[in-house]
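A.B. asks: Here's a sequence, model it:
(one chain, ligands or ions: 1)
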Amino acid sequence: MKLLMVCLGNICRSPLAHGIMEHLAKQQGLNWEVDSAGTGNWHVGEGPDRRSTRTAREHGIDISGQVCRLFKVSDFDYHDHIFVMDRNNLGDILSMARNDEDRKKVKLLLGDKIVPDPYYDDAQFEPVFQMIEKGCKEIIKELV
Ligand code: 4NP
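C.D. replies: This is a model prediction of the structure:
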């Protein structure tokens with residue numbers, strides 16, 4: 001199974017989702033490949049935001065080796081599922097979909113709720129971690 005986590009900057013939320021899902025899948029012995037990407041190009045080539053790296057580390061997850069990249073149309077071909085954080089991400093990714101097969105792969109990580117952008121509020125990183133972790137556990141339950 002190949003999963004892609006997507007947010008706007010690919011430095012705050014999707015790197016957390018990438019690291020958390022990788023961690024949980026490994027813990028459960030699932031041979032899943034997880035990656036992340038952004039819809040905006042401001043931080044391409046950079047590592048995750050330090051606040052995400054620190055929050056993940058506090059939960060025993062190392063995301064420091066991740067490198068920010070842009071979502072590309074071929075991600076629809078490579079991945080089985082594409083999980084986005086909010087409705088802007090959803091609209092941006094769906095606008096790049098070529099057909100129904102592409103569209104079917106794209107879902108909000110939390111199903112019917114959004115993961116808010118913590119970029120402008122340091123205090124949101126821990127709650128965002130918790131939300132993403134819960135969402136990842138739900139996804140594993142659904143897909144396994
Ligand atoms: P993310 O947060 O989408 O969770 O990675 C953001 C990070 C950076 C920016 C926006 C959102 N930015 O505008 O640079």
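A.B. asks: before we move on, which element is residue 37 in?
C.D. replies: Assigned by DSSP states H and E, residue 37 belongs to strand 33-38.
A.B. asks: Please read the previous query as pertaining to residue 53.
C.D. replies: helix 50-58.
A.B. asks: other SSEs contacting that helix?
C.D. replies: helix 13-27, helix 125-143 (3 or more Cβ pairs under 8 Å, 6 or more residues apart in numbering; DSSP states H and E). Backbone N, C-alpha and C define where each C-beta goes, glycine included.
A.B. asks: re the thing from before, who are the packing partners of the strand holding residue 37?
C.D. replies: Against strand 33-38 (3+ Cβ pairs under 8 Å, 6+ apart) you get strand 2-7, helix 13-27.
A.B. asks: Assign residue 61 to helix, strand or coil.
C.D. replies: What DSSP: H, G, I helix; E, B strand; the rest coil gives for residue 61 is coil.
A.B. asks: what's around it, how many residues?
C.D. replies: 19 (other Cβ atoms under 10 Å).
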